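**Q** 3D, please:
(2 chains)
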Amino acid sequence: MKRLLSLFALLLAGVAHAASPLPSDSLYQLSVPLTDQDGLTAPFAAHRGTPQVVSMFYTSCTMVCPMIIDTMKATRRAAGEPANLHLLAVSFDPERDDVEALRRYAAVHKLDLRWWTLSRTPPQHTRSLAALLGVQYRQLPGGDFNHSSALLLLDGEGRLVARTGIIGRTDPDFVAAVRKATAK
Amino acid sequence: MRRRLALLLLGVSLAGPAVAADYAPLPGGRFASVLPADGKTAPAVLRPFRLRTEPVTNAEFLAFVQRQPQWRRDRVPSVFTDGRYLAQWAAPDRLGPAALPRQPVTQVSWFAAQAYCESEHARLPTWYEWEYAAAADATRADARGDPAWRERVLAWYARPSSDALPSVGGKPDVHGVRDLNGLVWEWVEDFNAMMTSADSREQDGADKLKFCGAGAISMEQKENYATLMRVAMLSSLKATDTTANLGFRCARPE
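**A** The predicted model follows:
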């Protein structure tokens, strides 16, 4: 019954949320237009109503970034593959990461687009989003980026629930937070 | 040149929140930053840009929150600023005795500063733009080699922060820009791009995992510790932080 109710709530989310204001501490207060691997542009708050793990990466990065994507996958698996968890990775590199680059990356890394979104946003928004997520990045002259790595868990309202800097393996505390956030 | 001077003078005489802010043109070019572009020795390359000649004042920021009330301290979403945002003002829409109209506005987060600059069809300057502009003195575009320049900057650092902030309107430098050194710290757009390792010995090893790519960048020009201190301060900030000595100005592409 509880599950049915929450499903119902999910279905209603789109309608109900149009009316209710975001909480003051919601990260979705930042209006960032995100364009995904299919070329569709939607606001950062598009997945409002569903818990979401968010990180930043770029497709031409060969060292840490694949580990970020893998860690997001592994976290979802470790949390019991909850159906109501969304995974979002936004590029540091809007110049080179066009829709085609994102689409190719999603295919190569076999990302299931039922719950995965890879996105880009114009440079000024990339900087704001990174500031919001507490991620540092810097473009190097050759086109690569230095960046810090973090996974953030947002609840359905976009509030920060948990954050981890552990990449390359799953963080047990973060996985537990994902389980809890998706169990409701 | 004469026309520019006349315009500048006009701007000064009319200075106030109702008047569009002055932006001075800076030529840009190659610039030896304390943060080499490649983390080693590469100079920064700057396109020509315009820099606001003065930091944003309390009066100007008040006019902004009146136009955009979502940035009032009692309405701003908590995700954009800490609890001390504009705390020195008497009320959300009034300056009061602790915030004089011509004092630079402080206690503003990076998000609030960005929003203000957007309202002037501008943005925050990048670190390179700011550092390049602040290298000037009254007669030279790059006075950093002069020990007197460094001492002047450091003398300001040594002043107790409990003193009341002076008003904006210091002497203009060679570009016509005022108060870059000696009044308040200032936000830059890419404050979160200064990934410097706390311990320079770590630069090649320990941060490989933390920072994708070349690891933390090294800081050059060790003798220029006035600027290095500023980098350290900026890189320690979160975008929601506000402090009593941190203000901002805006920049535009040429």
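
**Q** around chain B, which positions in chain A sit nearby?
**A** Residues of chain A found near chain B, taking Cβ under 8 Å from any Cβ of the partner chain as the criterion, are A:22, A:24-27, A:29-30, A:61, A:63-65, A:124, A:127-128, A:130-132, A:134-142, A:144-149, A:165, A:167-168. Just so you know, the C-beta spots here come from the backbone N, C-alpha and C atoms, and that holds for glycine as well.

**Q** where along chain A do the helices fall?
**A** Along chain A, the stretches classed as helices by DSSP state H are A:2-19, A:65-78, A:99-108, A:123-133, A:172-183.

**Q** which other helices and strands contact the fourth one?
**A** Using 3 or more Cβ pairs under 8 Å, 6 or more residues apart in numbering or on different chains; DSSP states H and E as the contact test, the elements touching helix A:123-133 are strand A:52-57, strand A:86-91, helix B:110-119.

**Q** avg pLDDT for stretch B:112-126?
**A** Averaged across stretch B:112-126, pLDDT comes to 97.

**Q** just to revisit the earlier point, export the helices of chain A to JSON lines and tack on mean neighbour count and mean pLDDT?
**A** Written out in JSON lines, the entries for the helices of chain A read as follows (neighbours: other Cβ atoms under 10 Å in any protein chain shown; pLDDT from 0 to 100):
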{"stretch": "helix A:2-19", "mean neighbour count": "11", "mean pLDDT": "48"}
{"stretch": "helix A:65-78", "mean neighbour count": "19", "mean pLDDT": "93"}
{"stretch": "helix A:99-108", "mean neighbour count": "16", "mean pLDDT": "97"}
{"stretch": "helix A:123-133", "mean neighbour count": "20", "mean pLDDT": "95"}
{"stretch": "helix A:172-183", "mean neighbour count": "18", "mean pLDDT": "97"}
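
**Q** what's the closest of those to B:S109?
**A** Smallest distance to B:S109 across the helices of chain A (Cβ to Cβ): 9.5 Å, for helix A:123-133.

**Q** orientation of that closest one relative to helix B:110-119 in degrees?
**A** Taking axes from the mean of the first three to the mean of the last three Cα atoms, to 10 degrees, one finds that helix A:123-133 is oriented at 160 degrees with respect to helix B:110-119.

**Q** quick revisit: for PyMOL, what selects the buried ones among the residues of chain A next to chain B?
**A** This is the PyMOL syntax for the buried subset of the residues of chain A next to chain B, where burial follows 16 or more other Cβ atoms under 10 Å in any protein chain shown:
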select buried, chain A and resi 22+26+27+29+30+61+64+65+127+128+130+131+132+134+135+136+137+138+139+144+145+146+147+148+149+167
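
**Q** now, the residues of chain A next to chain B that are in strands?
**A** Of the positions in the residues of chain A next to chain B, A:137-139, A:145-147 sit in strands, assigned by DSSP state E.

**Q** out of the residues you listed, the closest to B:E131 would be?
**A** When these are ranked by distance to B:E131 (Cβ to Cβ), A:R138 comes first, at 14.4 Å.

**Q** neighbours of B:G247, how many?
**A** When counting by other Cβ atoms under 10 Å in any protein chain shown, one arrives at 26 neighbours for B:G247.

**Q** what does the pLDDT read for it?
**A** 97.

**Q** which helix or which strand is home to B:P25?
**A** Taking DSSP states H and E as the criterion, B:P25 maps to strand B:23-26.

**Q** avg pLDDT for the helix or strand following that strand?
**A** Under the assignment DSSP H and E, the closest C-terminal helix or strand after strand B:23-26 is strand B:29-31. Strand B:29-31 carries an average pLDDT of 94.

**Q** is chain A contacted by the helix or strand following strand B:29-31?
**A** Per DSSP H and E, the first helix or strand lying C-terminal to strand B:29-31 is strand B:44-46. No. With Cβ under 8 Å from any Cβ as the criterion, chain A is not reached by strand B:44-46; the gap is at least 8.7 Å.

**Q** how far out from the middle of the chain is the next helix or strand after strand B:44-46?
**A** Proceeding N to C from strand B:44-46, the next assigned helix or strand is strand B:49-52, under DSSP H and E. Distance of strand B:49-52 from its chain centroid, counting by Cα atoms, centre = their mean, to the nearest Å, is 12 Å.

**Q** contacts for strand B:49-52?
**A** B:21-26, B:28, B:120, B:122, B:125, B:129, B:133, B:175, B:177, B:249-254 (Cβ atoms under 8 Å, 6 or more residues apart in numbering or on different chains).

**Q** so how far is A:Q136 from the spatially most central residue of chain B?
**A** Geometric centre of chain B, nearest residue: B:E186, 2.7 Å, by Cα atoms, centre = their mean. According to Cβ to Cβ, to the nearest Å, B:E186 and A:Q136 sit 19 Å apart.

**Q** what does B:E129 give?
**A** Between B:E129 and A:Q136 the distance is 19 Å, computed by Cβ to Cβ.

**Q** which two of the ones in strands among the residues of chain A next to chain B have the greatest separation?
**A** Using Cβ to Cβ, those span at most 9.5 Å, a distance reached by A:Q139 and A:H147.

**Q** between those two, what contacts are shared?
**A** A:F92.

**Q** before we move on, back to that, lowest-confidence member of the ones in strands among the residues of chain A next to chain B, which is it?
**A** Of all of those, A:N146 carries the lowest confidence score, 83.

**Q** pretty sure it contacts A:F92?
**A** No. Applying Cβ atoms under 8 Å, one finds A:N146 not in contact with A:F92, separated by 9.6 Å.

**Q** which residues do those two both contact?
**A** By Cβ under 8 Å, 6+ apart, A:N146 and A:F92 have these common neighbours: A:Y137.

**Q** identify each buried residue in stretch A:32-46, please.
**A** In stretch A:32-46, the ones that count as buried by 16+ other Cβ under 10 Å are A:32, A:34-37, A:44-46.

**Q** quick revisit: turn the helices and strands packed on helix A:123-133 into TSV, columns for distance to B:V76 and mean neighbour count.
**A** Converted to TSV, the helices and strands packed on helix A:123-133 look like this (distance: least, Cβ to Cβ, whole Å; neighbours: other Cβ atoms under 10 Å in any protein chain shown):
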stretch	distance to B:V76	mean neighbour count
strand A:52-57	22	25
strand A:86-91	24	24
helix B:110-119	7	22
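
**Q** out of these, nearest to B:G83?
**A** Using Cβ to Cβ, the helices and strands packed on helix A:123-133 put helix B:110-119 closest to B:G83, at 13.4 Å.

**Q** quick one: that closest one to chain centroid distance?
**A** If you compare the mean C-alpha spot of helix B:110-119 with that of the full chain, they lie 12 Å apart, counting by Cα atoms, centre = their mean.
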